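Trainee: sequence and predicted structure below; questions after.
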Amino acid sequence: MADSKNSKISQLDELVNPLDGDFLPIVDTAGQETKKISYSSLIAALNADDDSYSTGQTDTLLAVNAAAIAAEESRATAAEVANATNISTNATDIATNATAISTETTRATTAEGVNATAIADEAVIRANADTVGLGLITANTTAITTEETRALAAEALLAPIDNATFTGTTTIPSADVTTADFNAGATGGELSWNGQEKTLNLVTGADTTIQVGQELVLYATNDSGVTIPNGSVVSIDGSQGNKPTIVLAQADTVANARRAIGVTTQSIPDNSSGFVTLNGKVRDLVLDGGTYGLGQVVYLSSTVAGGITNIQPDISVELGHVLATSTGGNTSGILEVQINNESAVHELEQDLLPLITNNTNAIAALPIAGSFMAPDHSYSTNSNALAAGFVENQLFLNTTTHNLSGVYSDNYTLLSQYSGASAAYSLRRLSSNTTSALKIRRTSDNEEVDVLFDSNDQVSLQSPVSPATFGTTLDEFANTEIVTYTSDFSAGIDGWFGFNTTPASQPDPVDAGNVLKVTVNTALSQHFVNGGPLNQGNTYSISAQVYVPSSNAILDGIAILDASGGMNTSYDNIATDQWVNIPTSGTAIGTALSIRGKSGTDLTFQGNGTDVFYVRNVVITDTTKDAKVVTWYDQSGNGNDATQTTANQQPKIVEGGVLVERTVNGVSSPSVKYTAGNLMTHGLTSLSADGQQSLFFVSDNQLTSSTSTRIIEIMSNTADEARRRRPLIYRGNGGNFRFSVDTLAGLYRISSQSNFVSLYSSITEESGGGTHTAYQDGSQFGSASVTLDANPNIDLNSRRLGNIASDELGAFFFTEVIYYPSDQSANRVAIEANINNHYFPITGDLFLRA
Amino acid sequence: MYLIYETEQEAIDRADECGKLQNYSYWKTGEGTRWTTAPAITADNKWALDVTCYLLSEEEELVVTEEVTFPVENI
């Protein structure tokens, strides 16, 4: 209980334990009086009936309060969630900020370090600048002062540019002067180096530049009345102002030609001056290559005033040589002027020719046998001592002095001009009536064509062939590789035969189709199959495939070769159970291809009767490229062709794709090559009525054995007539090359005198009762009395053009053979000259008959 | 290596047989090459055919010979 004093109760808990007699004062603010309510009354009243009010209010308030509390709880909860989110966000932001702060702190720290270093460096630089820089400045100042001093000294020594005067020794370095002008302020007088001509160019100022030391020119005035073009030949016709005056020159008369002095090196208008080149180059000329050749000598024209020609006129004024030609009329031609005026020679000739003619006629009338007369009328017995002269009624030229090669050519005219030949075989055209030279056989496939003459009227690889089925030229015909065999085992063994084997057409062990299956027998021998034809001596490239099964017990290799052992290629320990290529190549000595089984390295082995090998895709290509002569056509018009229809006796014209040729002094001529067993039969069947005959032939005897062999036979081989009616040209046992026309062995050349290309002439004439004379390359090497046979009706059964013994070695080459059944002594020199001119560079004396 | 025949015609027939196999011009055009080798008379008046480059039958293989004497042609 509270103390009894009437203290104010301001807090409910201040009256902890009220008593019923205690009162609660209530201030009646309206009545301004304080009233008392006893605690007991209050409690009674509180527990009275009106507690419905107080209870309901209380419940309402409680509900309101509960709702309010719930709302506040929700708000609090939401606030807490929001706060938590915000807290999290803030924490993240704080972390980010912390990182940023850390980064910025690092940057700031680094920057502070750099700044510090820079500051330190600057300090050092400043310190250095204060010391080193000052030194450099001082040094530069000194250097400048020194250079100023030098410059002043140099200036004091400088010569003035205008009117410079040098004293003492002055050297100008070569690189310092590229052009010197000796005529300042005007055109002309410039001197500069010409690297192409290796001299100085001097510009004249008159549309001409002179190459100093290489050109000699004349400054002259044109008073001809017309412009003289560049490159015109001119002559002097007078003088004007101490300069010569010039006009166009012409070699129409000796008088005009004699005055020619040079070639204008520029166009010179009338009444103007310009340069004429007396010696040196004139450029910018029209000298088209179609007309002029490099190095060609050109002359003053006799028909065009001032003109140039490459055809020497009668009055010859050599101007010089063409150094460069032009094309299509452009002006790139260059002429080297070096005048050789021979007008006086012509003048002299005009005076002397009538005298020479008179003298020649007089000399020709002098029969001085065995002597030679030179143009100076001196006599000699040795033609070689003279360059030219006369003997009897013939002019001769020593061709050692006078090169006449190529001057004389009349292929077509030989047989018409010197008619009467009964047989003529040649690889050049001897008559305009001739079209074909040869009929030949290609050895690879035995095809035959005629060989015509080429554009030079002789046989060459460019010669057309007829028919053109196998190529249009001899080259195409002869140089084609021919597939001569391709196997076909699809339905049989394709002509192959087995030796100690059984060949059969059987299914391919790998691919579709049939192949050749070869089963060995049990013999102790070789085991093979042969097939695919080969020609002995021909060259081949051969391909084939074989298959050897791994089930074989003995046979483990293959050899491919020809049936006689040539072209032998072995494939030992061959890969099994697969097709293997087994190529081979070479020259065949057998007549068939052979594919043989091997055991180890042995071709001979004991067969087991079961081992097999298979063959397929056999292809044989002939690479020989030979062509042989079937017919050598007679060009005499008598149809006496030389023929050989037996293959192994035919001589060659193409060997290994190359035309057979013989060469004399660098000049090559086609030739027919005879080797052992070769012969042709010519068509001559009768001889002359009086036994006179002439034989000309070009040949090269390269036979080397000591056996006897025949070269040309026009004779009977019947016993009682054999030693008459020949010519028989043969090589005797001793190697002598013999010319027999009767029963005697005849004239001869020893082996070393005949083993080169020569022209032989054999003349049998009736003079002296019968004389045989033989010549080699125009020189007589023998003459003998012979008995002429006047019986033309013998059996001329030995008619051979080449008949080389089967055991002969080496080769014999024919290029041309012409037979006259008459004495051609009178024409011999001319016929020989014709033949010589074609086949031989002329090396001896050439005689020209009047 | 020769085959010897009693008559020239027999030898020619065999040479012709080979020539046909070789497809020579004579057998296609009637002119040109006819044989690979030609029959030649022997010293005893038989005919020899050089068959070195011929494909021979088994019978021929048994009778080929190198022993042939040809008549000598006097110069």
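Mentor: That came through, no problem. Please read these numbers as outputs of a predicted model, since none were measured by experiment. Numbering: from 1, shown residues only, chains lettered A, B, ... in the order given.
Trainee: show me what counts as buried in the helix of greatest length in chain B.
Mentor: Taking DSSP state H as the criterion, chain B has its longest helix at helix B:8-21. Using 16 or more other C-beta atoms under 10 Å in any protein chain shown as the test for burial, helix B:8-21 gives B:10, B:11, B:12, B:14, B:15, B:18, B:19. All C-beta spots, glycine's among them, are computed from the backbone N, C-alpha and C.
Trainee: ditto for stretch A:424-433
Mentor: A:424, A:425, A:426, A:427, A:428, A:429, A:430, A:431.
Trainee: before we move on, what SS does the most centrally placed residue in chain B have?
Mentor: For chain B, residue B:49 is the residue whose C-alpha lies nearest the centre (C-alpha atoms, centre = their mean; 2.8 Å). Using DSSP: H, G, I helix; E, B strand; the rest coil, the structure places residue B:49 in strand.
Trainee: can you give me the pLDDT of residue A:6?
Mentor: We note a pLDDT of 53 for residue A:6 in this prediction.
Trainee: so who does residue B:18 touch?
Mentor: Residue B:18 makes contact with B:35, B:36, B:37, B:51, B:54, B:55, according to C-beta atoms under 8 Å, 6 or more residues apart in numbering or on different chains.
Trainee: ok so the fifth one is a helix residue?
Mentor: No - secondary structure of residue B:54 (three-state DSSP): coil, not part of a helix.
Trainee: count of residues packed around residue A:238?
Mentor: 11 (other C-beta atoms under 10 Å in any protein chain shown).
Trainee: and for the one 4 residues further on?
Mentor: By other C-beta under 10 Å, 6 other residues sit near residue A:242.
Trainee: and it, how far from residue A:273?
Mentor: For residue A:242, the distance to residue A:273 (C-beta to C-beta, to the nearest Å) stands at 11 Å.
Trainee: what does residue A:340 give?
Mentor: 27 Å.
Trainee: kindly report the same for residue A:252.
Mentor: Counting by C-beta to C-beta, the gap from residue A:252 to residue A:273 is 27 Å.
Trainee: swap in residue A:17?
Mentor: From residue A:17 to residue A:273 the distance is 164 Å (C-beta to C-beta).
Trainee: between these two, which is the more surrounded one?
Mentor: residue A:273 (17 against 7).
Trainee: how about the residue lying closest to the more buried one once chain neighbours are set aside, phi and psi?
Mentor: The shortest distance from residue A:273 to any non-neighbouring residue, by C-beta to C-beta, 6 or more residues apart in numbering or on different chains, is to residue A:221 (4.7 Å). Backbone torsions for residue A:221, taken as degrees, to the nearest 10, come to phi -110, psi 130.
Trainee: tell me the residues of chain B that contact chain A?
Mentor: B:21-26, B:29, B:32-38, B:50, B:52-55, B:73-75 (C-beta under 8 Å from any C-beta of the partner chain).
Trainee: quick check on those: which are buried?
Mentor: The buried subset of the residues of chain B next to chain A (16+ other C-beta under 10 Å) comprises B:22, B:24-26, B:32-38, B:50, B:52-55, B:75.
Trainee: where's residue A:555, which helix or strand?
Mentor: Under the criterion DSSP states H and E, no helix or strand holds residue A:555.
Trainee: can you check the one 4 residues further on too?
Mentor: Per DSSP H and E, residue A:559 falls inside strand A:557-562.
Trainee: ok, the following helix or strand past that strand: who's next to it in the sheet?
Mentor: Sequence order places strand A:569-571 as the next helix or strand after strand A:557-562, per DSSP H and E. Strand pairing for strand A:569-571, using DSSP bridges, gives strand A:557-562 (antiparallel).
Trainee: who touches the partner strand?
Mentor: So strand A:557-562 is in contact with A:534, A:542, A:544, A:546, A:548, A:567-574, A:580, A:582-584, A:588-601, A:603, A:613, going by C-beta under 8 Å, 6+ apart.
Trainee: now the longest helix of chain B: average pLDDT?
Mentor: Rounded mean pLDDT across helix B:8-21 is 94.
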